[in-house]
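1. okay, here's the prediction I keep looking at, along with the sequence it came from:
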Amino acid sequence: MELAAFVINAVLVEKRSVREVAAAHGVSKTWLYELLARYRQGGDPALAPRSRRPRRSPTQLSVEIENEIVELRKSLLEFGVEAGPATIHAHLATAHGGVGPCSVSSIWRVLSRRGFVVPEPHKRPRSSYVRFEAMLPNECWQSDMTHVTLANGRVVEIVNVIDDYSRVCVASSVFSVTTAADVVATFYQAASRWGFPASVLTDNGAIYTASFRGDRGALSTELATRGIVFKHSRPYHPQTCGKVERFHQTMKKYLANQDPPASMAELQEQLDRFVNYYNDVRPHRAKNRKTPRSAFEGRVKAGPSGSPVRNAGEFRIRHDKVDRDGKVTLRYAGKLRHLQVGRAHKGRRVMLLVDDRDVRVLSADGEFLAEVRIDPEKIYQGRKN
């Protein structure tokens, strides 16, 4: 304003020409003429800087679109799912025939202007993470168990299984206390709908592996017989199973916005509704805003090798003592089996050489005593003829 007042006084008080004043102070003659006209009409207040905002903006979002963005934001938050600008953009594109009416940045500005965005500290950049993703659907499934509290305070367990490539949730089941048999049943239920995977990745929980008990475990045995590779994360390193861990967060955020379930059956109904939305409606950031199901169906599926998997977990050495009935015990497929050695050897210390289902029983000094082939359907195993 100081420059405007100065050049006005130079013209009107000093009687200098507009051309001279404009050239001396490096301003436009046109601007100086406009300034004189404003001063003659409004005096000193008219010299105050004016807004540079355009009188009209053809690309400005309409009130209807802004309201639609806000309503989407509210409905997604109320449903308990992701409600960021990118997610809203994907939903808008679906509602408007596949083409969004505005950009993600425009949605962010609307949400910020309407008070929906709270400033947060910058997070660790995604580029700093070392990520792994399967190349095909059913190439790898991730599974993990988490806990949820019912309305009466009872804590129950949920087993989630997702496809590593597409992020499809292939199973989400509620159990009072999850057992190894429940995990196997959940796996077969998922496989009957989505097909068998080439590999499975889990943590080292007791429901998944029994290596600490000297056993392969129920799930490991079932996968090996079908030619499915079984992989475990490094102990105390949940990042290896990061995709299913992240799914737990999304699921629990949804459940936190629902009425607390009064029973396991009611919780399972809530999970089923969420899984349907997650698989078929929710655009996934990691899949370029496609739904997990469309990503799953968009490529050819991987599958088991077809040949039984042989690994170090099948070969074991166990030391035992023959009981008075002539038997020794051995865990196989998550169950304790009783193997017949013979009453003549009761009380003897023996060594069991285990090759999956084939077991050789030797005395402490290496004498061969018996051979047993385990029948997975039986608890009591007779000697091999």
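-> Nice, I can see it. Numbers count the residues shown, from 1 in each chain.
2. would you map the helices across the stretch 151-300 of the chain?
-> Ranges of helices in the stretch 151-300 of the chain, per DSSP state H, counting those that start in this stretch, are 180-194, 218-225, 242-256, 264-280, 292-297.
3. mean pLDDT for those: which is lowest?
-> Looking over the helices of the stretch 151-300 of the chain, mean pLDDT reaches its minimum on helix 218-225, with a mean of 82.
4. quick one, it and helix 180-194 angle?
-> Relative orientation of helix 218-225 versus helix 180-194 (axes from the mean of the first three to the mean of the last three C-alpha atoms, to 10 degrees): 40 degrees.
5. for helix 218-225, which positions count as buried?
-> 218-224 (16 or more other C-beta atoms under 10 Å). C-beta here means a position set from N, CA and C on the backbone, and glycine is covered the same way.
6. what's the closest of those residues to residue 367?
-> Minimum distance to residue 367 across those is 29.8 Å, recorded for residue 221 (C-beta to C-beta).
7. doesn't residue 376 make contact with that closest one?
-> Yes. When contacts are counted by C-beta atoms under 8 Å, residue 221 is listed as touching residue 376 (7.4 Å).
8. give me the common contacts of these two.
-> Listed as contacting both residue 221 and residue 376 by C-beta atoms under 8 Å, 6 or more residues apart in numbering are 332-333.
9. between the buried residues of helix 218-225, which is closest to residue 137?
-> Nearest to residue 137 among the buried residues of helix 218-225, with distances taken as C-beta to C-beta, is residue 223, at 17.8 Å.
10. for the nearest residue to the closest one once chain neighbours are set aside, give its distance to residue 29.
-> Nearest residue to residue 223, sequence neighbours excluded (C-beta to C-beta, 6 or more residues apart in numbering): residue 230, at 4.7 Å. Per C-beta to C-beta, to the nearest Å, residue 230 is found 83 Å from residue 29.
11. those two - which one has more neighbours?
-> Higher neighbour count among residue 230 and residue 29: residue 230, with 21 against 13, using other C-beta atoms under 10 Å.
12. pretty sure that one contacts residue 219?
-> Yes. Contact criterion C-beta under 8 Å: residue 230 and residue 219 qualify, at 7.2 Å.
13. who touches both of those two?
-> With C-beta under 8 Å, 6+ apart as the test, residue 230 and residue 219 both reach 200, 202.
14. so can I have TSV of the buried residues of helix 218-225 showing distance to residue 33?
-> Output for these, formatted as TSV (distance: C-beta to C-beta, whole Å):
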residue	distance to residue 33
218	90
219	86
220	88
221	92
222	89
223	85
224	90
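15. the closest residue to residue 301 other than its chain neighbours: helix or strand, and which one exactly?
-> Closest residue in space to residue 301, ignoring its immediate chain neighbours: residue 138 at 4.6 Å, by C-beta to C-beta, 6+ apart. Residue 138 belongs to no helix or strand when assigned by DSSP states H and E.
16. state the distance from residue 138 to residue 93.
-> Using C-beta to C-beta, residue 138 is found at 28 Å from residue 93.
17. try residue 168
-> 21 Å.
18. what of residue 338?
-> On the measure of C-beta to C-beta, residue 338 and residue 93 end up 63 Å apart.
19. leaving out sequence neighbours, find the closest residue to residue 218.
-> Residue 218 sits nearest to residue 334 (C-beta to C-beta, 6+ apart), 3.4 Å away.
20. pretty sure the one you found is touching residue 181, no?
-> Yes. Using C-beta under 8 Å as the test, residue 334 is close enough to residue 181 to be in contact (7.1 Å).
21. what ranges do the helices span in the stretch 1-150 of the chain?
-> Using DSSP H, counting those that start in this stretch, helices in the stretch 1-150 of the chain cover 2-12, 18-25, 29-42, 63-79, 85-95, 104-113.
22. give me the contact list for the longest one.
-> Right, helix 63-79. The contact list for helix 63-79 (C-beta under 8 Å, 6+ apart) reads 82-83, 87-88, 91-92, 95, 101-102, 107, 110-111, 114, 116, 254, 257, 277.
23. quick one, what contacts residue 281?
-> Neighbours of residue 281 in contact, by C-beta under 8 Å, 6+ apart: residue 291.
24. now it: phi and psi?
-> phi -120, psi -50 (degrees, to the nearest 10).
25. now residue 179
-> phi -110, psi 170.
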